[in-house]
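Engineer: need a 3D model of the sequence below.
(2 chains, ligands or ions: 3)
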Amino acid sequence: MLTDAVASVASVASVANVALAVDPVPWARSQMAFTLAFHIILVPLGVSWSVMALIANYRGIKHRDADAMLLAQRWSKYMAVTFAVGAVTGTVLSFEFGLLWPKFMGQWGAAFGVPFAFEGIFFFTEAVFISIYIFGWRRLKPWTHFWTGIPIAVAGVFGSISVVAANAWMNAPEGVTLDSTGKVVDVDPIGVIFNSAMPLMAAHMVVAAYLVGGFLVASVYATGMLRGRRDRYHRVAFLIAFSVAAIATPVQMGVGDALARWVFIEQPGKFASIELVPETSTDVPEVLFGHLNPDYQVVGGIKIPGLASILSDPGTGTATSIQGLNTIPVADRPTTTEVNVTHLAWDIMVGLGTLLFLLTLWYWASWIFRRDMPRSKWFLRAAASAGVLSVITLEAGWTVSEVGRQPWIVYEKMKVVDAATANTGIWVTFVGVTILYLGLGVTTILVLRMMSRRFRRGDGAGDEEVPYGPSEEPSLSGEEGALLGDEPARPSEEPVG
Amino acid sequence: MSTAAAVILFAAITVYAVFGGADFGAGFWDLVAGGARRGQRPREVIDHSIAPVWEANHVWLIFVFVVLWTCFPQAYASITLTLFVPLTLAALGIVLRGASFAFRKAVIRTRDQRNFGAAFALGSVLVPYCLGAVVGSVASDRVPAGGVAGDPWSSWVNPTSVVCGVLALCTSAYLAACFLVSDAGRLSDDTMVAYFRRRAVAAAVAAGLVAFAGIFVLSNDATYLFDGLKSRGLVFVILSAALGLGALVLLARHARRGARLAAVGAVVSVVAAWGVAQWDYLLPTSLTVADAAAPTGTMGAVFVATGLAAVLIVPAFALLYVLDQKSLLPEEGMPEPTPIRSTHD
Ligand code: HDD
Ligand code: HEM
Ligand code: HEM
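Structural biologist: Residues are numbered from 1 along each chain as shown, chains lettered A, B, ... in the order given. Ligands and ions are numbered 1, 2, ... in the order given. Here you go, the predicted model:
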């Protein structure tokens, strides 16, 4: 009778399933895009925050800088939260590869999976050492503790290189041998990992991680300074984070330029979308904004004559010929909407990237000429908004890469429509995931703010009661041991649970 | 070659079943610990025992997935195609659990902690049940190979899946209780030692009953597996029963370390019994290990990665575990459970 009951539940459920059937492909695409776009926000923090914390930690120990030490401690605690959210959203991605793209994974898993086998090692290392670092503040000796943070930073970089290698392989599917039916019969792991798209994409992503992480953290302290919290603690925090971003940004412009040239040569279709080129021609203008209408004509926008050709290959200048969308067989063309999304995303990435670059120039100029950071309120305002802007830049960059590849999931080897699940109930998971993630996002921000408020109350003159929270203010009066090694006094704490 | 990859896959599943299982089980005990006041002390002990390691434990699952989709892409595609619903629920549970556990550490107010605690505990029950049910579906021949989806519902809402899901829950709870007895012992808290010992016994009895019922269910619902368990897997079935009982005896005799080892052994044997019984199918009875295998180049890369992992991660993981077990890693933002002085141990 257990069997009967179970069977009847199952049949009721199947009926409900059929009644609400949808075309799975757009839903699968949207869900993948949404969950990836969410995860990628946490990635820069995972990669670069540990480095910033280590810089502060180093200063703290080496120069006995209490503010820096306090920063390192607090940052590591925020990191625990953002890393945890990154980990769970990343795990969801690994479910989704199969749940949304079973045919893609079935056919290409043997190649696409290779970089992930290595990525696993790095994330594992990162997870282990992040645990040790965060929970090890009190009991490990200062320098020992500092060194347990180094593997986090290293693993973060290599972890993201591995993941991006997998994504790059979707752009440049090399290292596989197919038989006549299209089945993968041999895989050259080196060829897969070090595919031709990988070096520049990985570099661009890693630099982006430092850029975005730096701006995000700096923007928090810039906001604090605008609200009048201009103590040394805020200044140290801002300087560390902003300097990281200000080093990464100019580098990123160079790497991006090289990457664009790679796309120009290897993925002319994507490049045509990026530059909005309906027909192959020379002396192609750079179109800012604007769009392609259904008749494949460029409408609106600001045209800068010849610039797209010049940038594509400065050697040949305006004579550089750029392949147009018309060279793509009709069946393999992206839709005009996809072209327009790619182009707009491109404008956003390059536009915001340029603004961020100018902001860092201001910062460096001020250091060079005045030996201090800019004093202007406008600088702080710009820095305060740079965090969000850099995240938008990052998302735009990924949109260029992913939407620009359409209609292919594996470039010129498999189309998205052939890869998707046939599950017609998928809209349910899309709605569910969206709600869950929105809740997760809001909660993450609330929790981080709650922590920051608690920390700040701990800072204050003691006018507010602080019945709990670790007493973390390191005292500088004693030996180094007293700084960290000893167990600080614990205030009485409230029962929890 | 494909055999070696299958062994790696099963080893990873086993490790996840043990470490992840203990983690989930702790969440289960958190769920049933009662109201805020009554459950306070058990929750402190639970929190204390899992905090620093949960994220690392969790990576084992990803490792399982990665090995599965890289070495046996067809199997991964078939499983995700058919078992869409329980896997989605498991993913949901992982998000709830992982995020809320981290959040709970970070917030201070009792009400917030309680909400996150509830989400955490809920996730801890959902995930092992769903993953157990997935194993049941695979083992009972309900996941067809070859790019066709099995029934989205009856593939996992069926007697074998239910039994496997509940069994996963019971073994996790059992394992966790055995670990928590040790942890409570380290805190010299006799009340909690007795508390978790009672729960270990209860979970063991429940697991035993489910396993017993499972015999009847499997005999007509999962014949390939059942035959395998009767022949190739019999050793492991007996071993797991013996170790499970042995752990209880050791617990009763206050041999905590031995009890913990025996409990781990029992769970390892259960997973091994399953693996051996369905050998050499990855998906009984439509996809063998050899047929599902990826090309040699891929396998080679995974072996290298596994080797590197063994060299790099095992020591790191061991370090973390030792530090944790020695309580060298107190948590930030949470009161450390204070050791209670006791007269004996
Ligand atoms: C947030 C930082 C950021 C900044 C300032 C820039 N980018 Fe970028 N860009 C990214 C962040 C990014 C990214 C999100 O990280 C992407 C997505 C995929 C990738 O590898 O990097 C990307 C992709 C991407 C692509 C597509 C690669 C592909 O198809 O896979 C090109 C051609 C460029 N970038 C070029 C540029 C240029 C010329 C920039 C200079 C103005 C630039 N990016 C600034
Ligand atoms: C290694 C990392 C990534 C992998 C393996 C990956 C993989 C995929 C896959 C399998 C799809 C579905 C097929 C398709 O529509 O082409 C997809 C689509 C998409 N991804 Fe990525 N992706 C990665 C990174 C990202 C990131 C970080 C973003 C952030 C914004 C992103 C944005 C998108 C978008 C917008 C789509 C939908 C494209 C469309 O269908 O028009 N991707 N990606
Ligand atoms: C170091 C920075 C990063 C952190 C901390 C992070 C966090 C995580 C974690 C913990 C997972 C779970 C899987 C695992 O543990 O192996 C994961 C998976 C994933 N991440 Fe990230 N991630 C990072 C970088 C990236 C980057 C740069 C991208 C995309 C461009 C990305 C896209 C993905 C994808 C597609 C998955 C699913 C694949 C898998 O399960 O292995 N991640 N991430």
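Engineer: stretch A:180-190 and chain B, are they touching?
Structural biologist: Yes. Against chain B, stretch A:180-190 shows contacts by Cβ under 8 Å from any Cβ of the partner chain at A:184, A:185, A:186, A:187, A:188, A:189. (C-beta placed from N, C-alpha, C; glycine too.)
Engineer: report the rounded mean pLDDT for that stretch.
Structural biologist: Stretch A:180-190 shows a mean pLDDT of 80.
Engineer: distance between the ends of that stretch?
Structural biologist: Stretch A:180-190 has an end-to-end distance of 23 Å (Cα to Cα, to the nearest Å).
Engineer: mind checking which of the residues of stretch A:180-190 next to chain B are buried?
Structural biologist: A:184, A:186, A:187, A:188, A:189 (16 or more other Cβ atoms under 10 Å in any protein chain shown).
Engineer: please list the members of these that lie in strands.
Structural biologist: Judged by DSSP state E, strands contain the following of these: A:184, A:186, A:187.
Engineer: give me the low-pLDDT residue ranges for the chain?
Structural biologist: Since you didn't name a chain, this refers to chain A. A:1-22, A:422, A:458-497 (pLDDT under 70).
Engineer: can you look at chain B instead?
Structural biologist: B:50-56, B:105-111, B:147, B:324-345.
Engineer: now the strands: where do they sit in the chain?
Structural biologist: Because you didn't say which chain, this covers chain A. Secondary structure of chain A (DSSP E): strands at A:176-178, A:184-187, A:286-288, A:291-292, A:298-299, A:302-304, A:408-410, A:414-415.
Engineer: wrong chain, I was asking about chain B
Structural biologist: B:281-283, B:287-288.
Engineer: list of residues touching the longest one?
Structural biologist: To tie it back to what came earlier, the one meant is strand B:281-283. With Cβ atoms under 8 Å, 6 or more residues apart in numbering or on different chains as the contact definition, strand B:281-283 has outside contacts at B:6, B:72, B:75, B:78-79, B:138, B:141, B:143-145, B:224, B:287-289, B:292.
Engineer: quick revisit: can you say which of the strands of chain A is nearest to ligand 3?
Structural biologist: Nearest to ligand 3, of all the strands of chain A, is strand A:408-410, at 13.4 Å by Cβ to the nearest ligand atom.
Engineer: neighbours around the residue nearest to residue A:335 when sequence neighbours are not counted, how many?
Structural biologist: Spatial nearest neighbour of residue A:335, chain neighbours left out: residue A:406 (7.6 Å); criterion: Cβ to Cβ, 6 or more residues apart in numbering or on different chains. Per other Cβ atoms under 10 Å in any protein chain shown, the neighbour tally for residue A:406 reads 22.
Engineer: residue A:406 contacts residue A:417, correct?
Structural biologist: No. When contacts are counted by Cβ atoms under 8 Å, residue A:406 is not listed as touching residue A:417 (10.3 Å).
Engineer: not counting sequence-adjacent ones, nearest residue to the residue in the stretch 201-345 of chain B positioned nearest to ligand 1?
Structural biologist: Ligand 1 sits closest to residue B:301 of the stretch 201-345 of chain B, with a gap of 22.4 Å, by Cβ to the nearest ligand atom. Counting by Cβ to Cβ, 6+ apart, residue A:189 is the residue found nearest to residue B:301 once chain neighbours are left out, at 3.5 Å.
Engineer: ok, now residue B:264?
Structural biologist: residue B:18 (5.5 Å).
Engineer: which ones are touching that neighbour?
Structural biologist: B:175, B:264, B:267, B:268.
Engineer: of the residues you listed, which is the most crowded?
Structural biologist: With neighbours set by other Cβ under 10 Å, the maximum within these is found at residue B:175, which has 30 neighbours.
Engineer: tell me the contacts of that residue?
Structural biologist: Going by Cβ under 8 Å, 6+ apart, the list of residues near residue B:175 reads B:18, B:21, B:22, B:25, B:263, B:264, B:267.
Engineer: again, only this time at 10 Å
Structural biologist: Residues in contact with residue B:175, defined by Cβ atoms under 10 Å, 6 or more residues apart in numbering or on different chains, are B:17-26, B:200, B:203-204, B:207, B:247, B:260, B:263-264, B:266-267.
Engineer: do the same with residue B:145
Structural biologist: Applying Cβ under 10 Å, 6+ apart, we find residue B:145 in contact with A:106, B:74-75, B:77-79, B:81-82, B:281-283, B:285-288, B:291-292.
Engineer: correct me if wrong: residue A:378 contacts residue A:362.
Structural biologist: Yes. Between residue A:378 and residue A:362 there is a contact at 9.3 Å, judged by Cβ atoms under 10 Å.
Engineer: out of those two, which sits in the busier spot?
Structural biologist: residue A:362 (18 against 9).
Engineer: roughly how far apart are that one and residue A:376?
Structural biologist: For residue A:362, the distance to residue A:376 equals 9 Å [Cβ to Cβ, to the nearest Å].
Engineer: what sits in contact with each of these two?
Structural biologist: Shared contacts of residue A:362 and residue A:376 (Cβ under 10 Å, 6+ apart): residue A:382.
Engineer: phi and psi next, for residue B:231.
Structural biologist: The phi/psi pair for residue B:231 (degrees, to the nearest 10) reads phi -110, psi -90.
Engineer: surely it meets residue B:278?
Structural biologist: No. Residue B:231 is not in contact with residue B:278 according to Cβ under 10 Å; the separation is 11.9 Å.
Engineer: higher neighbour count, those two?
Structural biologist: Neighbour count, other Cβ under 10 Å: between residue B:231 and residue B:278, residue B:278 has more, with 26 against 11.
Engineer: residues touching the more buried one, list them.
Structural biologist: B:135, B:138-141, B:222, B:224-225, B:227-229, B:232-233, B:284-285, B:289.
Engineer: show me which of those residues are buried.
Structural biologist: So, by 16+ other Cβ under 10 Å, the buried ones in these are B:135, B:138-141, B:222, B:224-225, B:228-229, B:233, B:284, B:289.
Engineer: the helices in chain B, which residues?
Structural biologist: Remark: helices assigned in chain B by DSSP state H are B:2-15, B:21-31, B:40-50, B:54-71, B:73-82, B:84-106, B:110-139, B:159-186, B:190-221, B:223-230, B:234-252, B:256-278, B:289-292, B:296-325.
Engineer: turn the ones you listed into CSV, columns for distance to ligand 2.
Structural biologist: Converted to CSV, those look like this (distance: least, Cβ to the nearest ligand atom, whole Å):
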stretch, distance to ligand 2
helix B:2-15, 21
helix B:21-31, 27
helix B:40-50, 30
helix B:54-71, 12
helix B:73-82, 13
helix B:84-106, 16
helix B:110-139, 22
helix B:159-186, 29
helix B:190-221, 36
helix B:223-230, 34
helix B:234-252, 38
helix B:256-278, 30
helix B:289-292, 21
helix B:296-325, 17
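Engineer: which residue does chain B bring closest to ligand 3?
Structural biologist: Ligand 3 sits closest to residue B:62 of chain B, with a gap of 4.0 Å, by Cβ to the nearest ligand atom.
Engineer: next, count neighbours for residue 230.
Structural biologist: All of this is about chain A. The burial count for residue A:230: 13, using other Cβ under 10 Å.
Engineer: meant chain B actually
Structural biologist: Residue B:230 has 14 nearby residues by other Cβ under 10 Å.
Engineer: that one against residue B:219, yeah?
Structural biologist: Yes. Counting by Cβ under 10 Å, residue B:230 does reach residue B:219; the two are 9.0 Å apart.
Engineer: what residues does the closest residue to residue B:270 other than its chain neighbours make contact with?
Structural biologist: Among residues not flanking residue B:270 along the chain, residue B:240 sits closest, at 4.8 Å (Cβ to Cβ, 6+ apart). Residues in contact with residue B:240 (Cβ under 10 Å, 6+ apart) are B:171, B:207, B:211, B:233, B:265-273.
Engineer: which ones, among the residues you listed, also lie beside ligand 1?
Structural biologist: Residues of these in contact with ligand 1 (Cβ under 6 Å from any ligand atom): none.
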